[in-house]
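> just a sequence and a predicted model for now, questions to come.
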Amino acid sequence: MQFFFQTAEEIGLFRSTLPFCQCPACGMTGAMIRHGYTYWFISPTENGIRGWRIRCKPSNHHEGCGATWLLRLGDTLPRRCFPAKQLWAFIQTLLDARSLKQAWERSGFPCSLDTAYRLYRRLQRCQTVLRTHLCARGPPPRGKTGVPLFQVFAHLEKEFGILSPITAYQISFQKDFLAVA
Ligand SMILES: [Zn+2]
């Protein structure tokens, strides 16, 4: 089942097909329903719909399992106030900068420096998962040496282009970019 989408319209369309969808957990068809929204930052200063919840609903007619899922836009990152494209802009600045602090200052990243350090450590922890997925899609670019994490970013760019590769990654693999497992 699809969890990441390009646009809110695609999510709306998908939700209208729920009565015909099979539950990914229990396999039941006809038990999936819309189950409200989750709200979170859609920009550093603004709250809005960040997730469209769906549920496999137990009822008199169905033996739904009660599991819930979240449908999301490919450009969102869980529990982060900045979108995927802003993370990519930060990563690109990082590749040219002398230090993380300098990249943070240059990119105007909308979080504290501490958050930027935490984010970098998180990216390091995501490396293995990212590399595994990217290698399944294509070989890493040739001739890239240096910091292993930066090699992963080069691989990401090779597979998905420079524009918004994190969004494309999430939609293509149906997987959180910041997932550690
Ligand atoms: Zn179910």
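In hand now; what should we look at?

> quick one: secondary structure of residue 40?
strand (DSSP: H, G, I helix; E, B strand; the rest coil).

> the closest residue to residue 165 other than its chain neighbours and the ion: what is the separation?
In space, and not counting its chain neighbours, residue 165 is closest to residue 156: 4.8 Å by C-beta to C-beta, 6 or more residues apart in numbering. C-betas here are computed from N, CA, C, even on glycine. The gap separating residue 156 from the ion is 34 Å, by C-beta to the ion, to the nearest Å.

> avg pLDDT for the helix or strand harbouring residue 156?
Per DSSP states H and E, residue 156 falls inside helix 148-160. In this model, helix 148-160 carries a mean pLDDT of 95.

> what sits up against it?
91, 95, 123-124, 127, 130-131, 134-135, 137-138, 140-141, 144-145, 165-166, 168-169, 172 (C-beta atoms under 8 Å, 6 or more residues apart in numbering).

> buried residues, it. List them.
149, 151, 152, 153, 154, 155, 156, 157, 158, 159, 160 (16 or more other C-beta atoms under 10 Å).

> gap between residue 72 and residue 113?
28 Å (C-beta to C-beta, to the nearest Å).

> who has more neighbours, those two?
Remark: of residue 72 and residue 113, residue 72 carries more neighbours, 20 against 12, as counted by other C-beta atoms under 10 Å.

> returning to that earlier point: could you point out which element follows the helix holding residue 156?
helix 165-173.

> hey, where'd the helices end up in the chain?
8-16, 84-96, 100-107, 113-137, 148-160, 165-173 (DSSP state H).

> was I right about residue 21 contacting residue 31?
No: judged on C-beta atoms under 8 Å, residue 21 makes no contact with residue 31 at a distance of 9.0 Å.
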